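Trainee: Here is a sequence together with a model predicted from it:
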Amino acid sequence: MTETVCLPCGPILGSDIRIDTVLLQRIIDGPCPIYVEVRGRETAPALVLLLGLGMQLDEWPRPFLDKLARHFRVVCIENRDMGRSGRCGPDKNAQDAALGGHASQVAYSLFDMRDDVMRVTRELNLPRFAVVGFSMGGMIAQLVAAKAGDRLTAFAQICSSAGEAEAPIPAATMKRFERVAKGFESDAELIAHLADDLIWCAAPSPVSPSEAVDLATAMQKSGFTTGGYGRQLFAITSSGDRTEYLQRITAPSLVIGAEQDRCILPESSQRAHALIEKAELKMFSHTGHSLEAHILDDLEMWLLGALGLSP
């Protein structure tokens, strides 16, 4: 395990945590090196956060992370093949992977991404932890929750699937995803397409054109690659039926869905709720495939309640 830097986060408004709150940035060695950031006190309950297809850690809203760090040791994991984590192949192979070649072309599966997370929890010495995943991160979190057993304190998924063998991604959305995996002639073309996708996927949640361009530009500069995107997409579409793994989750669980989700069919959240023992379900109206503040506020309050912590 390589520690790259250890920096104080500074005071968090409204919190008693000040000098004890730190940000650790680390590379966790393994078959594919994984970049992680850790916020909060080492003695606080651990909470692992996982993001979706092509996403990077800076896409977690910073105010949300700061609030969580008042109560939790927050471990943000950057998925393999994206951002500052390791790569699993060149960009030129992205199209074949994303468009569904033979099994021999699969670089890795969601199960390998699960194992990345489990390796991080071991290297960071987390005997027990909660896990939250958004979109593809929710699919990975399901497998982590099923494998962790008694180590798991709570589980939540946001805008994710029910482990279906055929990913519940509408055809129009899959076409957009596959276009990204094909690659672009220039960075400007990539940024323009990513910005358009950000607006389209989040709708009706508001993302202005200028905000989308700023975020797409930041994504491109901080390690977005179409090759990594394509391999992550193929992991989603080629990992088989995982519904039995959801039935193994016994920790307190929350399934969050968005009624206007264009990326993952909303009814998949309802199926996940039915599969997970004693899970709660929250479906948000007038909300798209987005980490909106009202969703994250509800998630924070649920986590505090599930773990018996005071707001």
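Mentor: Looks like it arrived, so ask away. Numbers count the residues shown, from 1 in each chain.
Trainee: Show me the helices in the stretch 1-150 of the chain, by range?
Mentor: 62-68, 94-98, 110-123, 136-148 (DSSP state H, counting those that start in this stretch).
Trainee: For the residue nearest the centre of the chain, list the residues it contacts.
Mentor: Taking CA atoms, centre = their mean as the criterion, L51 is the residue nearest the geometric centre of the chain, at 1.4 Å. Each residue near L51 by CB atoms under 8 Å, 6 or more residues apart in numbering is listed here: 57, 59-60, 77-79, 133-137. C-beta coordinates here come from the backbone N, C-alpha and C atoms, glycine included.
Trainee: wait, which of the helices of the stretch 1-150 of the chain is closest to L303?
Mentor: helix 62-68 (7.9 Å; CB to CB).
Trainee: ok, and for the closest one, which residues are buried?
Mentor: 64-68 (16 or more other CB atoms under 10 Å).
Trainee: what about it, distance to the chain center?
Mentor: How far helix 62-68 lies from its chain's middle: 16 Å, per CA atoms, centre = their mean, to the nearest Å.
Trainee: I'd like to know which elements that helix is packed against.
Mentor: Packing contacts for helix 62-68, counted by 3 or more CB pairs under 8 Å, 6 or more residues apart in numbering; DSSP states H and E, involve strand 34-39, strand 73-78, helix 293-306.
Trainee: average model confidence for stretch 56-71?
Mentor: Stretch 56-71 carries an average pLDDT of 95.
Trainee: ditto for stretch 186-199
Mentor: For stretch 186-199, mean pLDDT is 96.
Trainee: and that stretch, C-alpha only, in PDB?
Mentor: Extracted in PDB, the C-alpha atoms of stretch 186-199 (Å, rounded to 0.1, in the frame of the first residue of the first chain):
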ATOM      1  CA  SER A 186     -10.100  15.200 -30.100                       C
ATOM      2  CA  ASP A 187     -10.500  16.200 -26.500                       C
ATOM      3  CA  ALA A 188     -12.900  18.900 -27.500                       C
ATOM      4  CA  GLU A 189     -15.200  16.300 -29.100                       C
ATOM      5  CA  LEU A 190     -15.000  14.100 -26.000                       C
ATOM      6  CA  ILE A 191     -15.800  17.000 -23.700                       C
ATOM      7  CA  ALA A 192     -18.800  18.100 -25.800                       C
ATOM      8  CA  HIS A 193     -20.200  14.600 -25.800                       C
ATOM      9  CA  LEU A 194     -19.700  14.000 -22.100                       C
ATOM     10  CA  ALA A 195     -21.300  17.400 -21.300                       C
ATOM     11  CA  ASP A 196     -24.300  16.500 -23.400                       C
ATOM     12  CA  ASP A 197     -24.600  13.100 -21.700                       C
ATOM     13  CA  LEU A 198     -24.400  14.700 -18.300                       C
ATOM     14  CA  ILE A 199     -27.400  16.900 -19.000                       C
END
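Trainee: re the thing from before, which member of the contacts of L51 is positioned nearest I199?
Mentor: E59 (14.6 Å).
Trainee: check contacts around the closest one.
Mentor: 51, 215, 219, 291.
Trainee: I'd like to know which of the residues you listed are part of helices.
Mentor: Under the assignment DSSP state H, those contribute 215, 219 to helices.
Trainee: low-scoring stretches of the stretch 101-250 of the chain, by residue?
Mentor: 101-105 (pLDDT under 70).
Trainee: Correct me if wrong, but L281 is in a strand.
Mentor: Yes - membership of L281 in a strand is supported by DSSP: H, G, I helix; E, B strand; the rest coil.
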